[in-house]
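sequence and predicted model, in that order:
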Amino acid sequence: MEKLKVAVIGCGSIAIHRHLPEYQGNPFVEIVAVCDIKEERAQSAASEYNAQAYTDYKQAITDSNADLVSVCLPNYLHAPVSIFAAEQGKHVLCEKPMATSEEEAKQMIDTSNKAGKKLMIAHNQRFVPSHEKARQLIANGEIGKVYSFRTTFGHGGPEGWSIDGKESWFFRKEEAFIGALGDLGVHKADLIRYILGTEFTEVAAMVESSAKENSDVDDQAVTILRSEKGIIGTLTASWAYGAGEDNSTVIYGEKGMLRLEDDPAYSLIATYTDGSKINYELGQIQTNDSGGQTSSGVIDHFVDSVRNDSKPLIDGEEGYKSLQIILAALEANETKKNITL
């Protein structure tokens with residue numbers, strides 16, 4: 001079988017640290033095109049991966065005869081570039097948050113469906129071993145009825161990760177549209193839906209922009225979510241955890257609690273009401289600091305879904321539902337009212 005050809009649009013940090021090396025590591029893929037408006041970035045990636053460099057995304061997508069397109073761009077470009085790629089008959093893997101509005105997200109889904117092509121959103125948290133295990137334990141009734149949760153994603157901010165540092169698009173509302181909530185919060189919205197196997201119906205939120213100078217987006221958010229099953233919990237996103245990353249989730253149920261990525265030694269700890277405790281060593285979560293040693297699982301899953309013509313775990317609909325929670329949190333903060341989904 002011929003290798004699938006991929007065009008990676010955007011050569012910033014997420015492309016350099018995740019998409020490009022993971023495509024390179026996949027035996028079924030050939031990187032044929034890389035694109036960035038900064039020509040030297042495109043050239044640098046092109047020479048490293050033996051691909052063609054472009055500065056125009058439309059050319060990169062059409063001229064390269066790519067089968068797959070990875071969209072690794074500032075948030076405001078996710079929808080237009082994904083829609084263009086789908087219209088050209090390409091399978092699309094888009095970074096999160098998938099879009100800046102419900103309308104954009106729906107258009108992305110419709111265009112991909114019409115083209116008969118895959119659309120996947122790069123929510124890598126679903127592939128973390130502790131998260132997959134927790135989902136199984138909950139589905140199997142190990143902790144009984146789930147009552148509550150808290151899920152957090154915080155670090156010192158994108159200036160430590162983005163290729164542009166403090167000058168990054170992450171801090172500019174016209175390009176990012178949303179700050180820590182879109183960068184980190186949407187990951188946790190997607191994760192908690194996945195682990196609990198439930199949809200959320202009500203969102204309350206308090207959002208602040210107090211930690212970053214020269215930024216006009218949110219950098220702190222605490223949201224409260226209620227699920228259709230009456231599970232309530234908090235989702236926190238922050239760019240102000242300067243002393244270290246927190247990517248933890250705790251789930252409280254009638255027979256016990258699960259602590260995920262909340263302990264330095266064990267990625268999952270189950271503590272039960274009968275006094276028993278199980279420590280799971282399942283391999284560490286991928287962090288921005290772990291560089292390229294661990295695979296996110298996203299690229300391989302996307303490639304498999306195209307090769308096997310199977311539905312991606314986080315298709316457009318799933319990405320849309322996770323985005324809706326974040327959009328509702330913004331609205332809740334602005335209106336000072338709980339938002340019903």
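Great, that's in hand. Numbering: from 1, shown residues only.

going forward, measure contacts between C-alpha atoms and count neighbours the same way
OK.

tell me which element S130 is part of?
Following DSSP states H and E, one finds S130 within helix 129-139.

what's the offset of that helix from the middle of its chain?
Per Cα atoms, centre = their mean, to the nearest Å, the displacement of helix 129-139 from the mean C-alpha position of its chain is 18 Å.

show me what counts as buried in that helix.
By 16 or more other Cα atoms under 10 Å, the buried positions in helix 129-139 come out as P129, S130, H131, K133, A134, R135, L137, I138.

and the strands in the stretch 51-200 of the chain?
Taking DSSP state E, counting those that start in this stretch to define them, one finds strands in the stretch 51-200 of the chain at 52-54, 68-71, 91-94, 119-121, 146-154, 200-208.

of those strands, which is nearest V32?
Counting by Cα to Cα, V32 lies closest to strand 52-54 out of these; the figure is 6.0 Å.

touching that closest one from outside, list them.
Contacts to strand 52-54, defined as Cα atoms under 8 Å, 6 or more residues apart in numbering, come from residues V32, A33, V34, C35, D36, E39, A42, Q43, A45, A46, A60, S64.

that strand: partners in the sheet, and parallel or antiparallel?
The strands beside strand 52-54 in its sheet (DSSP bridges) come out as strand 29-35 (parallel).

average pLDDT across the partner strand?
Per-region confidence: strand 29-35 scores 98 on mean pLDDT.

same question for stretch 232-240.
Here the average pLDDT along stretch 232-240 is 98.

how far off centre is that stretch?
Taking the mean of its C-alpha atoms, stretch 232-240 sits 15 Å from the chain's own mean (Cα atoms, centre = their mean).

stretch 176-193 too?
The offset between the C-alpha centroid of stretch 176-193 and the centroid of the whole chain comes to 7 Å, using Cα atoms, centre = their mean.

now stretch 28-42
On the basis of Cα atoms, centre = their mean, the separation between the geometric centre of stretch 28-42 and that of its chain is 21 Å.

same question, stretch 202-218
So, by Cα atoms, centre = their mean, the centroid of stretch 202-218 is 19 Å from its chain's centroid.

what do you get for stretch 73-84?
Averaged over its C-alpha atoms, stretch 73-84 has a centre that lies 15 Å from its chain's centre (Cα atoms, centre = their mean).

and it, which residues are buried?
Using 16+ other Cα under 10 Å as the test for burial, stretch 73-84 gives L73, P74, N75, Y76, L77, H78, A79, V81, S82, I83, F84.

can you tell me the SS state at the most far-flung residue of the chain relative to its centre?
In the chain, counting by Cα atoms, centre = their mean, D274 sits farthest out from the average C-alpha position, at 36.2 Å. For D274, the reduced secondary structure class is coil; criterion used: DSSP: H, G, I helix; E, B strand; the rest coil.

distance check, it against A139.
Distance of D274 to A139, given as Cα to Cα, to the nearest Å: 20 Å.

now do I285
Distance of I285 to A139, computed by Cα to Cα: 22 Å.

same question for D164.
Taking Cα to Cα as the measure, D164 and A139 are separated by 42 Å.

could you do D110 as well?
Between D110 and A139 the computed distance is 31 Å (Cα to Cα).

chain center to stretch 58-65, what's the gap?
25 Å.

phi, psi for L235 please.
Comment: the main-chain dihedrals of L235 come out as phi -130, psi 120, following degrees, to the nearest 10.

what about it, how many residues close to it?
L235 sits with 22 neighbouring residues when counted by other Cα atoms under 10 Å.

same question for K336.
For K336, the number of neighbouring residues by other Cα under 10 Å comes to 12.

got the contact list for the nearest residue to Q284 once chain neighbours are set aside?
Take Q284 and drop its neighbours on the chain: the residue closest to it by Cα to Cα, 6 or more residues apart in numbering is S267, 6.4 Å away. Contact analysis of S267 by Cα under 8 Å, 6+ apart lists S130, R259, L260, E261, Y280, E281, L282, G283, Q284, I285.

if we go to 6 Å?
The contact partners of S267, by Cα atoms under 6 Å, 6 or more residues apart in numbering, come to S130, L260, E261, E281.

retrieve the pLDDT associated with it.
Here the pLDDT value assigned to S267 is 96.

any idea how far it lies from C94?
Taking Cα to Cα as the measure, S267 and C94 are separated by 28 Å.

what about the helices in the stretch 201-341 of the chain?
When secondary structure is read from DSSP state H, counting those that start in this stretch, the stretch 201-341 of the chain shows helices at 298-307, 316-335.

need the contact partners of the first one.
Residues lying outside helix 298-307 but in contact with it, judged by Cα under 6 Å, 6+ apart, are N124, P312.

average pLDDT across that helix?
Across helix 298-307, the average pLDDT comes to 98.

got the buried residues for it?
If you call a residue buried by 16+ other Cα under 10 Å, then helix 298-307 has these buried ones: V298, I299, D300, H301, F302, V303, D304, S305, V306.

distance to I16 added to these, as JSON lines?
Formatted as JSON lines, the entries for those read as follows, by distance: Cα to Cα, whole Å:
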{"residue": "V298", "distance to I16": "15"}
{"residue": "I299", "distance to I16": "13"}
{"residue": "D300", "distance to I16": "16"}
{"residue": "H301", "distance to I16": "19"}
{"residue": "F302", "distance to I16": "18"}
{"residue": "V303", "distance to I16": "18"}
{"residue": "D304", "distance to I16": "21"}
{"residue": "S305", "distance to I16": "23"}
{"residue": "V306", "distance to I16": "22"}
